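>>> what follows is a protein structure lacking sequence information:
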């Protein structure tokens, strides 16, 4: 009887242990983000890839020639890249028209355009405003957001770099610039004895949290087999971007300097450290912001974009 009781107790203990174990859920390890071939334009979009670059497990190419090289990558007969970070309008336009096999997975940047001026009223009547990119994203977004502009617009310049000397010389009272050129221009003006400051945010004027300036596109031919990898990649990018501390950007600066500011196509790591928050690097799944993307694409006369999404 004693032996039977002992055996019964042992079985109960085992059953209890088994019950505890069955209640535990093992977490699935995150997929390894490695072996990916990635292309991106320089500047703010490239900075979204800092953790992916610094892991040194992927082949990341920053295309300094911009839209021309990116478009070639999108339409190449044999897709060279697993991932292309590009202006949202470029990728969505090609995808919605069936001209590329890449599909939109996430927005990585929500706009970095600002108006820099010599006074708070520099956008009012009687003043002159310089801008750039008349038929590209900066110019089109600026004109839509500031449709009620009272100041006089100067003829459009080709690039932000051409607007900076116009502001410093005083040939314009305000000008459209993109970070980190905004911070660089304010510093350069100060060296020349002139005070400039940010007087308006194009993102705020646009409405909401900005506009989907740059996005991440994936090769649809291999998307299904790499879904877990892409999900892990977006998480790494999102965690990094949201974890940057603007009150102490030393880690961000060190992370940029690891590969070099030239690699990312930015003036310097120190300048980025001062204005990273104004670059609006935020990783948002495309499925969660389809309306914002559709509204943005209407600026370019592009509608019916459902086929451009990866999910």
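In hand now; what should we look at? Keep in mind that what you see is a predicted model, and the values were worked out from it rather than measured. Numbers count the residues shown, from 1 in each chain.
>>> and residue 65, what pLDDT?
Predicted confidence (pLDDT) for residue 65: 73.
>>> nope, residue 311 is what I meant
73.
>>> helices of the stretch 1-150 of the chain, residue ranges please.
Taking DSSP state H, counting those that start in this stretch as the test, the helices found in the stretch 1-150 of the chain are 2-22, 44-47, 50-54, 67-75, 88-96, 137-145.
>>> any idea which of these scores lowest on pLDDT?
Among those, helix 2-22 carries the lowest mean pLDDT (a mean of 39).
>>> helix 88-96 and the strand ranked longest in the chain, what's the angle between them?
The strand that spans the most residues within the chain, counting by DSSP state E, is strand 102-109. Between strand 102-109 and helix 88-96, the angle comes out at 160 degrees (axes from the mean of the first three to the mean of the last three C-alpha atoms, to 10 degrees).
>>> for strand 102-109, the distance to its chain's centre please.
Strand 102-109 sits 9 Å away from the centroid of its parent chain (C-alpha atoms, centre = their mean, to the nearest Å).
>>> which residues touch it?
For strand 102-109, the surrounding residues in contact (C-beta atoms under 8 Å, 6 or more residues apart in numbering) are 44-45, 48, 74, 79, 84-85, 88, 91-92, 94-95, 212-220, 223, 230, 234, 237, 279-286, 289, 292-293, 308-311. To be clear about C-beta, it is placed using only N, CA and C from the backbone, and glycine gets the same treatment.
>>> repeat the analysis, applying 7 Å as the threshold.
Residues outside strand 102-109 that contact it (C-beta atoms under 7 Å, 6 or more residues apart in numbering) are 44-45, 48, 74, 84-85, 88, 91-92, 95, 212-220, 223, 230, 234, 237, 279-281, 283-286, 289, 308-310.
>>> before we move on, what about stretch 292-307?
With C-beta under 7 Å, 6+ apart as the contact definition, stretch 292-307 has outside contacts at 88-89, 92-93, 95-96, 140-141, 144, 208, 211-212, 286.
>>> helices - which of the contacts of strand 102-109 land there?
44-45, 74, 88, 91-92, 95, 230, 234, 237 (DSSP state H).
>>> tell me which two of those sit farthest apart.
44 and 95 (21.7 Å; C-beta to C-beta).
>>> compare the two (neighbour count), which wins?
More neighbours surround residue 44 than the other of residue 44 and residue 95, with 27 against 22 (other C-beta atoms under 10 Å).
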